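Novice: the following block contains a protein sequence and its predicted model.
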There are 2 protein chains.
Amino acid sequence: MLDDRKLAVLRAIVQDYVSTMEPVGSKSLVDRHHLDVSPATIRNDMAVLEEEGYIAQPHTSAGRIPTDKGYRLFVDRLSGVKPLSAAERRAIETFLAGVYDLDDVVMRTVRLLAQLTRQVAVVQYPSLTRSLVRHVELVPLAATRVLLVLITDTGRVEQRTVELPDPIDEDAVTQLRAVLNACLDGRRLAEVASVVAELPERVQPSDRPNAAAVFSVILESLIERNEEKVVVGGASNLTTADFSQGLHEVLESLEEQVVLMRLLGESAGQSSLTVRIGAENPVAGLRSTSLVAVTYGTGDQALARLGVLGPTRMDYPTAIGAVRAVARYVGQILAGS
Amino acid sequence: MLDDRKLAVLRAIVQDYVSTMEPVGSKSLVDRHHLDVSPATIRNDMAVLEEEGYIAQPHTSAGRIPTDKGYRLFVDRLSGVKPLSAAERRAIETFLAGVYDLDDVVMRTVRLLAQLTRQVAVVQYPSLTRSLVRHVELVPLAATRVLLVLITDTGRVEQRTVELPDPIDEDAVTQLRAVLNACLDGRRLAEVASVVAELPERVQPSDRPNAAAVFSVILESLIERNEEKVVVGGASNLTTADFSQGLHEVLESLEEQVVLMRLLGESAGQSSLTVRIGAENPVAGLRSTSLVAVTYGTGDQALARLGVLGPTRMDYPTAIGAVRAVARYVGQILAGS
DNA sequence: CTTGGCACTCGGGATCAGCGAGTGCCAGAG
DNA sequence: CTCTGGCACTCGCTGATCCCGAGTGCCAAG
């Protein structure tokens, strides 16, 4: 159905439209890209492409613009991955050099991605469930309140205050801490749930209510709640693309953690790199945007996802290149620390 | 120079312009507000107000809009504080009820403020320097790396990994932790600097290089760096106001922590409530916006600032009311936890 | 000082024509 | 069957023109 030239035409249309932001016509196509055919031929091809739903014209007798389906075909079969320039590689390295802690890594990554792609960057915190517990700390704050601090091998630190049903004294805290560390140290957080189930037997009956409170906090908040942490950056890049009326919606969506999780999460489980174009997007407010996301991790294990979000008319090859490269670097950093 | 009626006219102009977003003329003024004079009289007053620089006309023979100076006079002398509705009070209470930890308080506060005022909310994390150290925790991560966790009485928890010059063993960590807690517990972070200076004497000579590394991290990063933490929310509210070309600048500014600190910080030290209008703003990119900010704290001590940012044409009485109320609630929450 | 009257200004919306980029179609050539 | 040049047609955009009306400033009278 689509011979080579038609594909080339589609590719050219996407490229031109991405760079000029204007509907592209048959004539401008032939001289920009040196297709050795006449505009009329191109027009015929374009008619076919339109019939198949890959391109559309905003108004009769205007140029064509790619549809979501057109972009889809483009990223799937027509576009390579644009390698980063030397300057960009250097930028990545300097940007991520000398990071302190996990927060730092994530924040810098977001800025880096946003700057590199001139789009909105989205970075999810490394998942806790696959990390190892390195240490559990319990600090008494008041008679019925303790602070729970959980440190993982990926450098992530989670804290939560826990309200206790009964007053607790210093000794009981010490004891509980010892139990927690004995049982949880070195375990994957994913296993914690099963381990915690056996825990109550290890503490004295009088302390059980308090212990149970602590355990439930570990389960509920640390695992479930903190899984949902996505940080966004480069929102100002949205203004260059003229969303006009949709901008409000997009900004709103970007402020909802839940939405962002859905955005990134929905596409997990498949192959590492996901490109979600326009209406393919699970989030209603982001139907006019595309997402390029990839899973990152420390070599052996996938930790979380990061990516960029932009108008459907975005430079996919560059975005894919940047996202991939950044993900790889971040993985290295996390593995090395 | 400005008699009562002229002030009333200015007030009316501000109110009308804020609500209609359109330049307001003499005629529409007289029937909206029941001023018992003719439009001609109002025109004379307006001419004076314009001469004095309180209002301006965008084009000849159009209505008038307030200038920054006009807004200034309005908030200083003409506007009261609009009390919150019962529903809004309830919203505040439910929003801030059952918070877990400090992060939670700050995040919810931002959302609350943004929702309440329909503007951009800006909340600074409570200052560390005035808090008391409640506990210092030191966790060995690797031979030459420990995690430092610092817990304050305002519920804030700060963490940083520290690279050590020499390998450290479990015992040395325990010892160092004991020293740190003995010396820092219960002190204000502001005093920590002087205390730390005496610390090296308390540790064995062989451990001093490592101890020094830890101390310097406490000083540098915990105090200085973390002072600069401002969180922003409700950016989507910027799209309702038609900044047109300035939106990009504004969004950019809002992503820079440093800029935000300057924005909030510059006005500290004066009276609690600060209203910074348009060009009064220290940040270049925010010259078309106004800030309503207030210091919040736990009764006796000021901790940090929070506020809202919006177009100069914003509803100041409502904004001031909301910001004040939220600040008071947040103070209570922090004091009670 | 206030008021009604009046001439004047000027931005914005509506209308309209011309331009030009772009299209679809067709007939002819390879 | 494909490509090509030609041709008529469409239609959005730009600029010019015009008109309306809201709003102003000024002035003379109350």
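Specialist: Happy to help now that I have it.
Novice: okay, residue A:221: pLDDT?
Specialist: Here the pLDDT value assigned to residue A:221 is 66.
Novice: and residue A:99, by the same measure?
Specialist: So residue A:99 comes in at 74 (pLDDT).
Novice: name the nearest residue to it, sequence neighbours excluded.
Specialist: Spatially, and ignoring its direct neighbours in sequence, residue A:99 is nearest to residue A:105 (4.9 Å; Cβ to Cβ, 6 or more residues apart in numbering or on different chains). The C-beta positions use only the backbone N, C-alpha and C, and glycine is treated the same way.
Novice: tell me the contacts of that neighbour?
Specialist: Applying Cβ atoms under 8 Å, 6 or more residues apart in numbering or on different chains, we find residue A:105 in contact with A:96, A:99, A:155, A:330, A:333, A:334.
Novice: ok, of those, which come out buried?
Specialist: Buried members of the contacts of residue A:105, counted by 16 or more other Cβ atoms under 10 Å in any protein chain shown: A:96, A:99, A:155, A:330, A:333, A:334.
Novice: for the second one, helix, strand, or coil?
Specialist: In other words, residue A:99. coil (DSSP: H, G, I helix; E, B strand; the rest coil).
Novice: go ahead and confirm it touches residue A:108.
Specialist: Yes - using Cβ atoms under 8 Å, residue A:99 makes contact with residue A:108 at a distance of 6.3 Å.
Novice: give me the subset of the buried ones among the contacts of residue A:105 lying in helices.
Specialist: A:96, A:330, A:333, A:334 (DSSP state H).
Novice: okay, who's weakest in the residues you listed by pLDDT?
Specialist: Within those, lowest confidence goes to residue A:334 (82).
Novice: hang on, the earlier thing: what helix or strand does the residue nearest to residue A:99 sit in?
Specialist: helix A:102-117 (DSSP states H and E).
Novice: can you give me the mean pLDDT across that helix?
Specialist: 92.
Novice: quick one: the helix or strand following it to chain centroid distance?
Specialist: Counting by DSSP H and E, the next helix or strand C-terminal to helix A:102-117 is strand A:120-124. Centre-to-centre, strand A:120-124 and its host chain are 5 Å apart (Cα atoms, centre = their mean, to the nearest Å).
Novice: could you say what helices and strands the next helix-or-strand element following strand A:120-124 packs with?
Specialist: Next along the chain after strand A:120-124, taking DSSP H and E as the criterion, comes strand A:133-142. Helices and strands touching strand A:133-142, as assessed by 3 or more Cβ pairs under 8 Å, 6 or more residues apart in numbering or on different chains; DSSP states H and E, comprise strand A:145-152, helix A:170-184, strand B:133-142, strand B:145-152.
Novice: buried ones in strand A:133-142?
Specialist: Applying 16+ other Cβ under 10 Å to strand A:133-142 flags A:133, A:134, A:135, A:136, A:137, A:138, A:139, A:140, A:141 as buried.
Novice: what is the third one paired to in the beta sheet?
Specialist: For residue A:135, the beta-bridge partners are residue A:151 (DSSP bridges).
Novice: got the contact list for it?
Specialist: Counting by Cβ under 8 Å, 6+ apart, residue A:135 touches A:150, A:151, A:181, A:185, B:139, B:147.
Novice: now the strands for chain A?
Specialist: Using DSSP state E, the strands of chain A run over A:55-56, A:65-66, A:120-124, A:133-142, A:145-152, A:157-163, A:230-233, A:273-277, A:289-298, A:301-311.
Novice: and the angle for the longest one with helix A:102-117?
Specialist: Which is strand A:301-311. 40 degrees (axes from the mean of the first three to the mean of the last three Cα atoms, to 10 degrees).
Novice: strand A:301-311: partners in the sheet, and parallel or antiparallel?
Specialist: Applying DSSP bridges to the sheet, strand A:301-311 is found paired with strand A:120-124 (antiparallel), strand A:289-298 (antiparallel).
Novice: most tightly surrounded among those strands?
Specialist: strand A:120-124 (a mean of 27; mean count of other Cβ atoms under 10 Å in any protein chain shown).
Novice: how far away is residue A:43 from residue A:17?
Specialist: 17 Å (Cβ to Cβ, to the nearest Å).
Novice: what number of residues lie near residue A:3?
Specialist: 10 (other Cβ atoms under 10 Å in any protein chain shown).
Novice: the one 4 residues further on too?
Specialist: Taking other Cβ under 10 Å as the criterion, the count of residues near residue A:7 is 17.
Novice: can you tell me how far it is from DNA strand C?
Specialist: Per Cβ to the nearest atom of the strand, to the nearest Å, residue A:7 is found 17 Å from DNA strand C.
Novice: residues in contact with that residue?
Specialist: Residue A:7 is in contact with A:73, A:77, A:78, counting by Cβ under 8 Å, 6+ apart.
Novice: give the buried residues for stretch A:67-78.
Specialist: Buried-residue list, stretch A:67-78, by 16+ other Cβ under 10 Å: A:67, A:68, A:69, A:70, A:71, A:72, A:73, A:74, A:75, A:78.
Novice: tell me which two of the buried ones among the contacts of residue A:105 sit farthest apart.
Specialist: Using Cβ to Cβ, these span at most 13.9 Å, a distance reached by A:96 and A:155.
Novice: hmm, back to that, let me have the strands of chain A in JSON lines, extended by mean pLDDT.
Specialist: Formatted as JSON lines, the strands of chain A follow (pLDDT from 0 to 100):
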{"stretch": "strand A:55-56", "mean pLDDT": "94"}
{"stretch": "strand A:65-66", "mean pLDDT": "96"}
{"stretch": "strand A:120-124", "mean pLDDT": "96"}
{"stretch": "strand A:133-142", "mean pLDDT": "82"}
{"stretch": "strand A:145-152", "mean pLDDT": "84"}
{"stretch": "strand A:157-163", "mean pLDDT": "81"}
{"stretch": "strand A:230-233", "mean pLDDT": "94"}
{"stretch": "strand A:273-277", "mean pLDDT": "94"}
{"stretch": "strand A:289-298", "mean pLDDT": "92"}
{"stretch": "strand A:301-311", "mean pLDDT": "90"}
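Novice: need the residues of chain A near chain B, please.
Specialist: Applying Cβ under 8 Å from any Cβ of the partner chain, we find that chain A lies next to chain B at A:100-101, A:134-135, A:137, A:139, A:141, A:147, A:149, A:151, A:155, A:157, A:159-161, A:221, A:233-236, A:238-240, A:247-249, A:251-252, A:255, A:337.
Novice: swap in 6 Å and give it another go.
Specialist: Contact residues, chain A versus chain B (Cβ under 6 Å from any Cβ of the partner chain): A:100-101, A:135, A:137, A:139, A:149, A:151, A:157, A:159-161, A:235-236, A:239, A:247-248, A:251-252.
Novice: closest to residue A:192 out of the helices and strands packed on strand A:133-142?
Specialist: With Cβ to Cβ, the closest approach to residue A:192 among these belongs to helix A:170-184: 6.2 Å.
Novice: outside of that closest one itself, list whatever touches it.
Specialist: Residues outside helix A:170-184 that contact it (Cβ atoms under 6 Å, 6 or more residues apart in numbering or on different chains): A:133, A:136, A:138, A:140, A:195, A:202, A:203, A:207, A:211.
Novice: what count of nearby residues applies to the nearest residue to residue A:162 once chain neighbours are set aside?
Specialist: In this structure, residue A:162 finds its nearest non-sequential neighbour in residue A:217, 4.8 Å apart by Cβ to Cβ, 6+ apart. Residue A:217 has 19 neighbours, counted by other Cβ under 10 Å.
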